[in-house]
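Novice: please work out how this folds:
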Amino acid sequence: MNQPEWKNFISGLENKFEDVSESRDEKELGNLLAESIKNLAKGRIGVAFSGGVDSTFIACVLKKAGYDFCCYTIGIENSQDISHARAAAEMLGLKLRYKILTLEELEIIVKQVVKIIK
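Specialist: Residues are numbered from 1 along each chain as shown. Here you go, the predicted structure:
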């Protein structure tokens, strides 16, 4: 996806649901998801942020609702994960913190996660 396509994609997420041409069911689903996000947002809020559709939607809902939050992402050096998250956060005016991991750090984290989800 080139930069103009990316900007168009991200700006489309900022629109109100009523402004997007979609079916009534899609609008209702979007509104229900937005309400669920707002109902769950309590205390200090952090968003695991990739810059993809799901995390960007969550961040947009929180921003429009006036929540104070920060987005977080991790990746390895020259990772597209970090560059996508940074581009999306910059376009949307979101606070983003990120950490670049070494391969050794990533291996330790992955092993810990595997133990937890087994």
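Novice: burial of residue 96, as a residue count?
Specialist: Number of residues near residue 96 (other CB atoms under 10 Å) recorded here: 19. No exception for glycine: its C-beta is placed from N, CA and C like everyone else's.
Novice: now swap in the one 5 residues further on and tell me
Specialist: Residues contacting residue 101 under the criterion other CB under 10 Å number 17.
Novice: strands of this protein, start to end?
Specialist: In the chain, the strands defined using DSSP state E lie at 45-48, 69-76, 96-101.
Novice: right, and those strands - which one's nearest residue 28?
Specialist: With CB to CB as the measure, strand 45-48 is the member of the strands of the chain nearest residue 28 (23.6 Å).
Novice: where does this structure dip in pLDDT?
Specialist: Low-confidence segments of the chain (pLDDT under 70): 1-2, 6-7, 10-22.
Novice: ok, longest helix in it?
Specialist: Secondary structure of the chain per DSSP state H: the longest helix is helix 24-40.
Novice: which strands and helices sit next to that one?
Specialist: Helix 24-40 sits against helix 53-64, with contacts defined as 3 or more CB pairs under 8 Å, 6 or more residues apart in numbering; DSSP states H and E.
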